[in-house]
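In: Based on what follows, work out the 3D shape:
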Amino acid sequence: MVGSLYTNGSSNNYNGLEEKLDELRSLLGKSAGDPLRIVSVGAGAWGSVFAALLQDSYGQFREKVQIRIWRRPGKAVDRATAEHLFEVINSREDVLRRLIRRCAYLKYVEARLGDRTLFADEILKDGFCLNMIDTPLCPLKVVTNLQEAVWDADIVLNGLPSTETREVFEEISNYWKERLTVPIIISLSKGIEAALEPVPHIITPTQMINRATGVHIENILYLGGPNIASEIYNKEYANARICGAEKWRKPLAKFLRHPHFIVWDNSDLVTHEVMGGLKNVYAIGAGMVAALTNESATSKSVYFAHCTSEMIFITHLLTEEPEKLAGPLLADTYVTLLKGRNAWYGQMLAKGELSRDMGDSISGKGMIQGVSAVGAFYELLSQSSLSVLHPDGNKPVAPVELCPILKTLYKILITREKSSEAILQALRDETLNDPRDRIEIAQTHAFYRPSLLGQP
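Out: Below you'll find the model as predicted:
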C-alpha cells in the first residue's frame, strides 16, 4: 500500500520543522498567540496537494500556524465518481479507519447507494480532491466564503487556473482595501494570456495578481517544476523552483523544502512562469501522437525532436539567456508528456473519448490549461511586428511560421478546422525543416524580443 507518511496533519516533528516555522513567523512580524495564516485559493490537484503538504508538516503547531483552503461551494460529485471514491476508501485501511473515527464514513456509503449527493467542498474536508480521487490527502480546513478565507491571510497560494486568476483576485482586492499589512502570494498556476496593445506581450498569473490587487510584485512569487501532484503527495522525490524577489524567495524556499521535495530559488520570475505554460502546449500534441500511433516510440521521438526545437526557438524570443532555461523547461516538458493532464487530454481527443465541444474543463481532471496557452502563443507569435527571417528565401515572416506544430495545434484546438490526425500530417510533411535548422536559426540571429514579456 502506498500512502502518505504523514496523516491528519500530525507528522512527527523531525528536526528543524518548528525552527523553520518560527523563522518565517519572525520575518513576517508575527507575535505570540497570533498564528501565521496560510490559505490556498483554488482546490485543484496541485493547490490541494500543496495545502496538504503544509498541513502534514506544520499542522501540528496549531498555536503558531493555521492552514486553510478555499474552493467554491455547490459542486456536486456525480454518481460514478462517488462509486469510485467508495472503492478507494475501502482499499485503504488507514483512510477507512480515519473516516470511521471521524464519523464520516456513512455518507460515502449512502452516496455509493445513490441515497445522497456529495459535494466537492464536503469531501475535500475529508482529504479527497475531486481532480485526484485516487490519492487521499490529509483532512483539510475548507472555507467556501472567499472573504473569510483571505481577508487576514499572511500567505496566499494561488492554485487557480490562469483563466480564473484575474477574476478571483479582483474580488479578493475588495477584501484587502482596509489591510494594514501586505500579504505574500505564491502562484502555482501554469498558463498565460496574450495582449496585443500597446505592443504584443504575454500576461502571466503573477502579473494578473499584481494588477488585480495592487500588491507589489516583490511580494508575489511563482513556484513550479517537473511535478505530478499525486506523486509528490506520495513522497516521490521531486524538486521545484520558487522565483521572485530575494527578500521572500530564499526564506520561503527553506520553509517549503522537505527531504522528498527540494525547493530551489531563482530571481527570474516571469520567464519561468511562461515556460511553465509553454510546455503544456506541446504536451497536448504529444498525447495525440501517442494515441494515433499506438504508443510508437519512434513517432513520439520524432514529435519530441520537433516540439523541443520549437520551444527552444520560442525561448530565444523570450529571454536573452535561453540556455539557462533548457534544463528546467525540458524536465517540466518530460514529466508532463509522461503523465500530465494535458498529454492525457490530447490522447482522449485523438481516441474520440473526449470532444472539443466539451470545453477545456474536464470532470475529474480540472482545467486543461494547454488549450488556452495554444491560443495565446499562436496569437502572439502571429504578429508581423515580431517578424524574423525565414531560412528559405530570407524573407521576413511572423515567428509562428517557423513553428508548424504550434500552427497545427491551433487549427485542431482553437479554430477546429482540422482533426487530431493533422498532427501526424504535420510531422510527415516532406517540406518540414530539420529541427536542428530551427535551433541553429535561433542561436545565430538576434531574436530576443524583451517587449514580449512587457520589458522595454
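In: What segments of this protein are strands?
Out: For the chain, the strands defined by DSSP state E occupy 36-41, 65-70, 141-143, 155-158, 184-187, 193-195, 201-203, 220-224, 238-243, 261-266, 361-362, 366-367, 388-389, 396-397.
In: who does the fifth one pair up with?
Out: This means strand 184-187. In the sheet, strand 184-187 lines up against strand 155-158 (parallel), strand 220-224 (parallel) (DSSP bridges).
In: Not counting stretch 437-445 itself, show me its contacts.
Out: Counting contacts by CB atoms under 8 Å, 6 or more residues apart in numbering, the residues outside stretch 437-445 that touch it are Ser309, Glu310, Ile312, Phe313, His316, Pro322, Val388, Leu389, Pro391, Leu402. Placement of C-beta: from N, CA and C, glycine included.
In: What is the burial count for the last one?
Out: Okay, so that is Leu402. Leu402: 23 surrounding residues under other CB atoms under 10 Å.
In: I'd say Ile192 and His201 touch.
Out: No. Contact criterion CB atoms under 8 Å: Ile192 and His201 do not qualify, at 10.1 Å.
In: For those two, indicate the residue with more neighbours.
Out: Legend: neighbour count by other CB under 10 Å for Ile192 and His201, higher for Ile192 (27 against 19).
In: Just list the residues touching the nearest residue to that one once chain neighbours are set aside, thanks.
Out: Once flanking residues are discounted, Ile192 sits nearest to Gly277: 4.3 Å by CB to CB, 6 or more residues apart in numbering. Residues near Gly277 by CB under 8 Å, 6+ apart: Ser162, Lys190, Gly191, Ile192, Thr204, Gln369, Ala373, Ala376.
In: Distance from the chain centre to stretch 86-98, please.
Out: Stretch 86-98 sits 28 Å away from the centroid of its parent chain (CA atoms, centre = their mean, to the nearest Å).
In: Straight-line length of it, end to end?
Out: 14 Å (CA to CA, to the nearest Å).
In: Any buried residues in that stretch, and which?
Out: Phe86, Val88, Ile89, Arg92, Val95, Arg98 (16 or more other CB atoms under 10 Å).
In: about what we covered before: export the strands paired with strand 184-187 to a markdown table and tack on mean neighbour count, mean pLDDT and distance to Lys235?
Out: Shown next, in a markdown table, are the strands paired with strand 184-187 (neighbours: other CB atoms under 10 Å; pLDDT from 0 to 100; distance: least, CB to CB, whole Å):
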| stretch | mean neighbour count | mean pLDDT | distance to Lys235 |
| --- | --- | --- | --- |
| strand 155-158 | 26 | 98 | 20 |
| strand 220-224 | 25 | 96 | 18 |
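In: hmm, back to that, could you tell me the least trusted of the strands of the chain?
Out: When the strands of the chain are ranked by mean pLDDT, strand 388-389 comes last with a mean of 78.
In: Can you name every helix or strand that it contacts?
Out: strand 396-397 (3 or more CB pairs under 8 Å, 6 or more residues apart in numbering; DSSP states H and E).
In: can you list contacts of the strand it packs on?
Out: Strand 396-397 has contacts (CB under 8 Å, 6+ apart) with Ser384, Ser387, Val388, Leu389, His390.
In: Let's see that with 6 Å instead.
Out: The contact list for strand 396-397 (CB atoms under 6 Å, 6 or more residues apart in numbering) reads Ser387, His390.
In: Determine how far it lies from the middle of the whole chain.
Out: Remark: strand 396-397 is offset 34 Å from the chain centroid, using CA atoms, centre = their mean.
In: rewinding a little: closest to Leu137 out of the contacts of Gly277?
Out: Lys190 (20.6 Å; CB to CB).
In: Spit out the contact partners of Glu231.
Out: No contacts exist for Glu231 under CB under 6 Å, 6+ apart.
In: Number the residues from 662 up from this point.
Out: Got it, the first residue is 662 from now on, which makes the last one we talked about Glu892.
In: what's the distance between it and Trp707?
Out: Remark: distance between Glu892 and Trp707 (CB to CB, to the nearest Å) = 12 Å.
In: and what of Ser823?
Out: Ser823 is 13 Å from Trp707, by CB to CB.
In: Gly885 too?
Out: 9 Å.
In: biggest helix in this structure, by residue count?
Out: Counting residues, the longest helix found in the chain (DSSP state H) is helix 930-953.
In: starting at the chain centroid, how far to that helix?
Out: 11 Å.
In: and that helix with strand 881-885, angle?
Out: 30 degrees (axes from the mean of the first three to the mean of the last three CA atoms, to 10 degrees).
In: Using CSV, write out every CA atom in helix 930-953.
Out: Presented in CSV, the C-alpha positions along helix 930-953 are these (Å, rounded to 0.1, in the frame of the first residue of the first chain):
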residue,chain,number,x,y,z
LEU,A,930,10.0,35.2,-12.1
VAL,A,931,8.2,35.8,-15.4
THR,A,932,10.3,33.7,-17.7
HIS,A,933,10.0,30.6,-15.5
GLU,A,934,6.3,31.2,-15.3
VAL,A,935,5.9,31.5,-19.1
MET,A,936,8.0,28.3,-19.6
GLY,A,937,5.5,26.5,-17.3
GLY,A,938,2.7,27.5,-19.7
LEU,A,939,4.7,26.7,-22.9
LYS,A,940,5.3,23.0,-22.1
ASN,A,941,1.5,22.5,-21.7
VAL,A,942,1.1,23.5,-25.4
TYR,A,943,3.2,20.7,-26.7
ALA,A,944,2.1,18.1,-24.2
ILE,A,945,-1.3,18.1,-25.8
GLY,A,946,0.2,17.2,-29.2
ALA,A,947,2.4,14.5,-27.6
GLY,A,948,-0.8,12.9,-26.3
MET,A,949,-2.3,12.9,-29.7
VAL,A,950,0.7,11.4,-31.3
ALA,A,951,0.9,8.6,-28.7
ALA,A,952,-2.8,7.7,-29.3
LEU,A,953,-2.7,7.9,-33.0
